[in-house]
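*Asks:* Build the 3D model from these lines:
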Amino acid sequence: MSFDQPMPPFNASDPSATFLSTSCLDFLMIELVPMAYRVANELDAPPSSPAPAPASSSASDPPPPSSAAAVVLSPPPDGSGEPRKLDEDEERDAVFFRLEALGYRVGLGLVERFSRDRPRFNDALDAIKFVCKDLWMLVFKKQVDNLKTNHRGVYVLTDNAFRPLSRMSTDAGGHAVARAQPFLWFPCGVVRGALAAMGIAATVQAETSELPGAVFQIKTAPAKPPPPSSQ
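*Replies:* Residues are numbered from 1 along each chain as shown. Predicted coordinates for the structure are as follows:
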């Protein structure tokens, strides 16, 4: 008896196809950003009470920490012993790379799971259309509202009601857009990972100017020319 799960259709627009828990994804998106900020700051803090250096070393002593750990755990060069706080740019970069990398792995897995039985895409535009229709429907329960391209490797995807931003409240002070920006970094990774699984190297950026809308800009790398003939 085989216990293999049936392969779902690649077209996730079928209303009876429930491959992804919408509630679980919503909760994940809500928690990912604050978790990434906490992790970024906690990894930078040294131990609360650094142990005194041993007088001498022996063969039984544990090996010294790796260079990466030494950078994280060592006190600042001024000798104050106080943990060095990440400045705003360092914190932003650390959170971006963590969230984008997580999304990249998710995008890879989704495409490998849901498009492995469909024919290979003929060009980058076909792959982008797959992202706009099937992948967006699978993850965000709707299709992209608008797709534009300059036919030179740049694609602009507009979602007027992007699901991860749909439940965010706006405020009169205008800070809602700035607070929403980190919630676009994980989806950027998902898109980049999905394209990578289809053999397309790309960079993905996203921004929002008015909630809950979001605009994704995809820049694909130019195809490498074939190697010269040996003849």
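*Asks:* Show me where this structure dips below the pLDDT cut-off.
*Replies:* Within the chain, the stretches falling below the threshold (pLDDT under 70) are 1-22, 44-84, 171-174, 223-231.
*Asks:* Can you show me the helices along it?
*Replies:* Assignment of helices within the chain using DSSP state H yields the ranges 22-44, 67-73, 88-114, 124-130, 136-140, 176-180, 185-197.
*Asks:* Name the nearest residue to Gln217, sequence neighbours excluded.
*Replies:* Residue nearest to Gln217 in three dimensions, not counting chain neighbours: Gln205, with 5.0 Å by C-beta to C-beta, 6 or more residues apart in numbering. Every C-beta, even on glycine, is put in place using the N, C-alpha and C of the backbone.
*Asks:* Isn't the one you found up against Pro187?
*Replies:* No. With the criterion set as C-beta atoms under 8 Å, Gln205 and Pro187 do not qualify as a contacting pair; they are 11.0 Å apart.
*Asks:* Need the residues touching each of the two.
*Replies:* Between them, Gln205 and Pro187 share these contacting residues under C-beta atoms under 8 Å, 6 or more residues apart in numbering: Phe216.
*Asks:* Can you pick out the residue with more neighbours from the two?
*Replies:* When Gln205 and Pro187 are compared on other C-beta atoms under 10 Å, the one with more neighbours turns out to be Pro187, at 27 against 13.
*Asks:* Now for that one: which residues touch it?
*Replies:* In this structure, Pro187 makes contact with 103, 139, 162, 164, 206, 214, 216, judged by C-beta under 8 Å, 6+ apart.
*Asks:* Kindly write the PyMOL command that selects the buried subset of those.
*Replies:* Here is the PyMOL selection string for the buried members of those, based on 16 or more other C-beta atoms under 10 Å:
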select buried, resi 103+139+162+164+206+214+216
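*Asks:* Make JSON lines out of the contacts of Pro187 and add distance to Leu25.
*Replies:* Formatted as JSON lines, the entries for these read as follows, by distance: C-beta to C-beta, whole Å:
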{"residue": "Gly103", "distance to Leu25": "12"}
{"residue": "Val139", "distance to Leu25": "7"}
{"residue": "Phe162", "distance to Leu25": "13"}
{"residue": "Pro164", "distance to Leu25": "9"}
{"residue": "Ala206", "distance to Leu25": "17"}
{"residue": "Ala214", "distance to Leu25": "16"}
{"residue": "Phe216", "distance to Leu25": "18"}
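*Asks:* Go through the contacts of Pro187 and say which is closest to Arg118.
*Replies:* Closest to Arg118 out of the contacts of Pro187 is Val139 (17.3 Å), distances taken as C-beta to C-beta.
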